[in-house]
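Colleague: Have a look; sequence and predicted model below, questions after that.
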Amino acid sequence: MDRKVYDYIVVGCGGIGSAALYWLSKRAGSGVLGIEQFELGHHNGGSQDHSRIIRMAYHDDIYTKLTPETYKAFAVAEEESGIQLVYKTGGLLLAKKGETDHLAKKYADAMATHNIPYEWLSGRQLRARYPQFTTDDKYVAVYQKDGGLVDAAMTNAVHIQLARGKGASVVENCPVLNLARNENGTITINTPKSEFICKKVVVTSGAWINHVVGSVGVHVPIYVTQEQVTYLATSHMKEYVKDKFPIFIYHSTKHDIYGMPIHGNSGFKIGVDAGGPFVTAESRTFTPDPVRENNCIDFLKEVLPTSVGPILYSKTCLYTMPPDRNFIIDTCHRTGFDDVIVCNGAGHAYKFAGLLGKILGEMAIDGKTQYDISPFTLDREALKDPDYKPVFFMGTGNKLPGGGEKKDKAKL
């Protein structure tokens, strides 16, 4: 690349970063550069795979006020590319009465606050609607019609290709070494390939967040876990296609299990949310845990027996989570770098990726955003209090991944 000076540079081109590149390119065209430390579409972080859940349902209205907007943001890229990215299958929150139904109520109440329609279903009503479930009335479910999946790998590619079509550039296999302030107020991004200069930097580097913002005097307390999903080769494929089966999340007393209809391959997808061990971006492995595989299969044998089949494969990814597992969307102005914007998705942001890209683009170009991001500041208690007790299971209390105890080395 001969060009070294840009208006805006995005560091990290995963789900959120590729969306930021796209939204910036819509207004700044060739003045935008994306820097990715690996190749585009890599499997080292948390923004890959065939499908990710998208849903209106959330445990807190700081998110339900945004969920309708994320569908709109993806729709813009769909319209421009002509490629479908979001598939509405319907969505379920499943719980057992007397155990975790209070969690389902949290989601229902948060939706009600923003007039998002939903239905309560008994276990038998759920089974009548979706005969794949073997639930009786020990179970209760909240159904929301707009839940579904977003094709993650396709969405990343679409955002990048649309951005390039508007003149944006991307450099791959180019890790960022540090950021530095220039005498004229611009910022230099040092990489092994070159020095790049810009007015504003957007940092969306996932588990590598502190590798980048540490050079401007910012440290974000994060926990990185190695998560995994498993695809099962069910012989009842017709029962688990997108127009016959919804996405679901089951709230157990220990963790959340989620499942998704077939998309992108022939397998039914199952996983545990925030159930993996603490790692770092450098120490993680790519080896799935057979214990977690078996836990998922045992659950399915009880509730969705026809979904079970031979394991096609399991694959790993990284969650990067602040202690309260809420997003981070802010600038580094506290250390004199208000032109460095940072975003962390807390291990549950892919469904918001298109909207977060739009928000970051507005912050970079306009200095503000039309959306309420006040809950996601770097100033909040969870990020400033070193004794803050981590809460990783959304709405379920203060258990840590794997049910373990907090370890000092876990916070990075």
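Modeller: Structure's in. What do you need?
Colleague: Val171 touches Gln37, doesn't it?
Modeller: No. Contact criterion Cβ atoms under 8 Å: Val171 and Gln37 do not qualify, at 9.9 Å. To be clear about C-beta, it is placed using only N, CA and C from the backbone, and glycine gets the same treatment.
Colleague: Settle it for me: which of these two has more neighbours?
Modeller: Neighbour tally, Val171 and Gln37, criterion other Cβ atoms under 10 Å: the higher count belongs to Gln37, 23 against 17.
Colleague: Per-residue pLDDT of the residue sitting furthest away from the middle of the chain, please?
Modeller: Largest separation from the mean C-alpha position in the chain: Glu183, at 36.8 Å (Cα atoms, centre = their mean). pLDDT for Glu183: 97.
Colleague: Kindly provide the distance from it to Lys200.
Modeller: Relative to Lys200, Glu183 is positioned 17 Å away (Cβ to Cβ, to the nearest Å).
Colleague: Tell me the secondary structure of Gly167, please.
Modeller: State at Gly167, reduced to three classes by DSSP: H, G, I helix; E, B strand; the rest coil: coil.
Colleague: correct me, but it touches Arg27?
Modeller: No. Judged on Cβ under 8 Å, Gly167 makes no contact with Arg27 at a distance of 11.3 Å.
Colleague: which of the two has more neighbours?
Modeller: Between Gly167 and Arg27, counted using other Cβ under 10 Å, Arg27 has the larger neighbour count: 16 against 12.
Colleague: Ignoring the adjacent residues along the chain, who's closest to that one?
Modeller: Leaving aside its chain neighbours, Arg27 sits nearest to Ile365 (5.7 Å; criterion: Cβ to Cβ, 6 or more residues apart in numbering).
Colleague: Now Ile197, what are its backbone angles?
Modeller: With angles defined as degrees, to the nearest 10, Ile197 sits at phi -120, psi 140.
Colleague: Distance check, it against Arg124.
Modeller: Plainly put, Ile197 is 64 Å away from Arg124 if you go by Cβ to Cβ.
Colleague: where does this structure dip in pLDDT?
Modeller: 1, 394-412 (pLDDT under 70).
Colleague: quick one, domains of it?
Modeller: Structurally, the chain divides into domains by automatic domain parsing as follows: 8-47+152-220+324-392+406-410, 88-145+223-321.
Colleague: how much distance is there from the helix or strand harbouring Asp109 to the middle of the chain?
Modeller: Assigning secondary structure by DSSP states H and E places Asp109 in helix 101-113. The chain centre lies 21 Å from the centre of helix 101-113; the measure is Cα atoms, centre = their mean, to the nearest Å.
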